[in-house]
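Enquirer: One predicted model, sequence on top.
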Amino acid sequence: MNMLTTSDGTRLFYKDWGEKDAQPIVFHHGWPLSADDWDNQLMFFLGEGYRVIAHDRRGHGRSTQTDAGNDMDTYAADVIELARALDLRGAIHVGHSTGGGEVTRYVARAEPGRVAKAVLISAIPPVMVRKASNPGGLPMDVFDGYRQAVASNRAQTYLEIASGPFFGFNRPGTSPIEGLIRNWWRQGMMGGIKAHYDCIKVFSETDLTDDLKANEVPVLVMHSDDDQIVPYANSAPLAVKLLRNGTLKTYNGLPHGMPTTHADLINQDILAFIREDLEPSGIIQMPLTQTAANPLS
């Protein structure tokens, strides 16, 4: 397995496929998953001629089950070390959910020439928790509930998340896809409970406002108006307003896990953004009846 040992001794697992002189696309997974969550995207963009990279965040997947360093600054520092070790230049960084926060902070701190563009999918920026400066956020009780559930029985918690709101399988008329649920659960249980517990604070309380303002590269923000994990109104529209060069793509009726359930659509929009022929900003209408009938349609 490919492993990078960081400056603090943490071993990070990563995948690095394709021609090494091709433009790199780096994928950053969400909580509590691993690089495996990007299987579809890795194969698609590899087939389009790109070099594709995805790592297991510290404490997740096959990386070291750390009891420290589970914070956004360290996550970004790990990516800085990975980009340096692999000599990634002019890369596109794609992040989903918590991974979108990781991309946001990394891009704001990346070494010159390392990043060309970024994509944030169902991502946590600017900040999720409700506070005086963010009155539209989710109450702390929501995240305390996550912490309690993970600490008491994360195996059951992960099963319930994957079977319900993550992929939208709790919506009327949907048909749960067992393989997606089991794969989500498998990835979650590979990681360490301490890192996953700590990461709840990371994805809920990390304020990425200044990082968004500092980003200078083109950024595509992709989000569904029916996201049950990261509510749309307090995330994507606010994030894109803070970016210097942001484009918003709003999807109707898709779940938080839309890179998996609607991979064909998401992949094509990312590809169009990379190749600079993305349609103007606007709402992408996906009929709810179609989505409900087959989440993979």
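Expert: Structure's in. What do you need?
Enquirer: Please make it C-alpha for all contacts and neighbour counts, starting now.
Expert: Noted.
Enquirer: Which strand or helix spans Leu82?
Expert: Applying DSSP states H and E as the criterion places Leu82 in helix 72-85.
Enquirer: Please spell out which residues along that helix are buried.
Expert: Within helix 72-85, the residues scored as buried using 16 or more other C-alpha atoms under 10 Å are Met72, Tyr75, Ala76, Ala77, Asp78, Val79, Ile80, Glu81, Leu82, Ala83.
Enquirer: residue nearest the centroid of the protein?
Expert: The C-alpha lying nearest the average C-alpha coordinate of the chain belongs to His96 (C-alpha atoms, centre = their mean; 1.5 Å).
Enquirer: can you point me to the longest helix in this structure?
Expert: In the chain, ranked by residue count with DSSP state H as the criterion, the top helix is helix 140-163.
Enquirer: who's in contact with that helix?
Expert: Residues external to helix 140-163 that are found in contact with it (C-alpha atoms under 8 Å, 6 or more residues apart in numbering): 129-130, 169-170, 176, 180-182, 184-185, 188-189, 193, 196-197, 200-201, 204.
Enquirer: One more pass at 7 Å, please.
Expert: Contact partners of helix 140-163, identified using C-alpha atoms under 7 Å, 6 or more residues apart in numbering, comprise Val129, Arg130, Phe169, Pro176, Ile181, Trp184, Trp185, Gly188, Met189, Tyr197, Ile200.
Enquirer: Can you give the distance of that helix from its chain's centre?
Expert: Relative to the chain's own centre, helix 140-163 is displaced by 19 Å; criterion: C-alpha atoms, centre = their mean, to the nearest Å.
Enquirer: Could you check the angle the helix or strand just after it makes with helix 140-163?
Expert: Toward the C-terminus, helix 140-163 is succeeded by helix 178-190 as the next helix or strand (DSSP H and E). For the pair helix 178-190 and helix 140-163, the angle between their directions (axes from the mean of the first three to the mean of the last three C-alpha atoms, to 10 degrees) equals 130 degrees.
Enquirer: any idea what sits nearest the residue nearest to the centre of the chain, other than its immediate chain neighbours?
Expert: Once flanking residues are discounted, His96 sits nearest to Ile121: 4.7 Å by C-alpha to C-alpha, 6 or more residues apart in numbering.
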